[in-house]
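1. From the sequence below, what's the structure:
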Amino acid sequence: MTDTTEPLALNPLGPGPIYSKRHVWLPQLMMESVRAGGTGVVENLQFEDCLIEGPAVLLPLGDYRFDDCNMGDAQGDVRNLMLKPLGPERVTGVVPMRDCRFLRCQFVAVGFTGHQGFINEITAALSGTAA
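-> All right, here's what the predicted structure looks like:
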């Protein structure tokens, strides 16, 4: 049987550095960065009023900020959004983002990972408790 299905055409997101009121699919953002000669780390971008979609696991690095964002449906427990890495130094299969800012963004089907301090900080912030 021959597959006659047309591949899904995605509009390029472009290099940024600012994305405003955009629909951002994280796997596409990472692949565009790699194909543009990047190292596999998405860097120095700002997202304002964007819909950030997975499925993906975001690994914030460096100087990151999540200001007034909806981090996604935690299904009753904010820890459901967090994934703890088992290795001491690396995480495979994530979207690493260094020095990125998220302002008033909504995350859908996105999990978050990082060092224990990050996990504690975000869990506390989403729970409304002190870290």
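
2. Where do the strands of the chain begin and end?
-> Taking DSSP state E as the criterion, the chain carries its strands at 18-20, 23-25, 42-43, 46-48, 51-61, 65-67, 82-83, 95-98, 101-103, 106-113.

3. Pull the contacting residues for Val108.
-> Contact analysis of Val108 by Cβ atoms under 8 Å, 6 or more residues apart in numbering lists 51-54, 72-73. Heads up, the C-betas are built off the backbone N, CA and C, glycines and all.

4. Just the buried residues out of those residues, in ChimeraX syntax.
-> For the buried members of the contacts of Val108, the matching ChimeraX selection, counting by 16 or more other Cβ atoms under 10 Å, is:
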select :52,53,54,72
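
5. Let's have the contacts of Val108 in TSV, adding pLDDT and distance to Glu89.
-> Listed next are the contacts of Val108 as TSV, based on pLDDT from 0 to 100; distance: Cβ to Cβ, whole Å:
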residue	pLDDT	distance to Glu89
Leu51	97	32
Ile52	97	26
Glu53	96	28
Gly54	96	24
Gly72	92	27
Asp73	90	31
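
6. what's the closest of the contacts of Val108 to Gly93?
-> Using Cβ to Cβ, Gly54 is the member of the contacts of Val108 that lies nearest Gly93, at 11.8 Å.

7. Spit out the contact partners of the residue nearest to that closest one when sequence neighbours are not counted.
-> Beyond its immediate neighbours in the sequence, the residue positioned closest to Gly54 (Cβ to Cβ, 6 or more residues apart in numbering) is Ala109, lying 3.8 Å away. Listed by Cβ under 8 Å, 6+ apart, the contact partners of Ala109 are 53-56, 72.

8. what residues does the longest helix seen in the chain touch?
-> What stands out as the longest helix in the chain, according to DSSP state H, is helix 116-127. When contacts are defined by Cβ under 8 Å, 6+ apart, helix 116-127 is touched by residues 60, 66, 71, 74, 78-79, 81-82, 84, 112-113, 130-131.

9. what is the residue nearest in space to the middle of the chain paired to in the beta sheet?
-> Central residue check for the chain by Cα atoms, centre = their mean: the C-alpha nearest the mean position is that of Leu58, 3.8 Å away. When bridges are assigned using DSSP bridges, the partners listed for Leu58 are Val95, Phe112.
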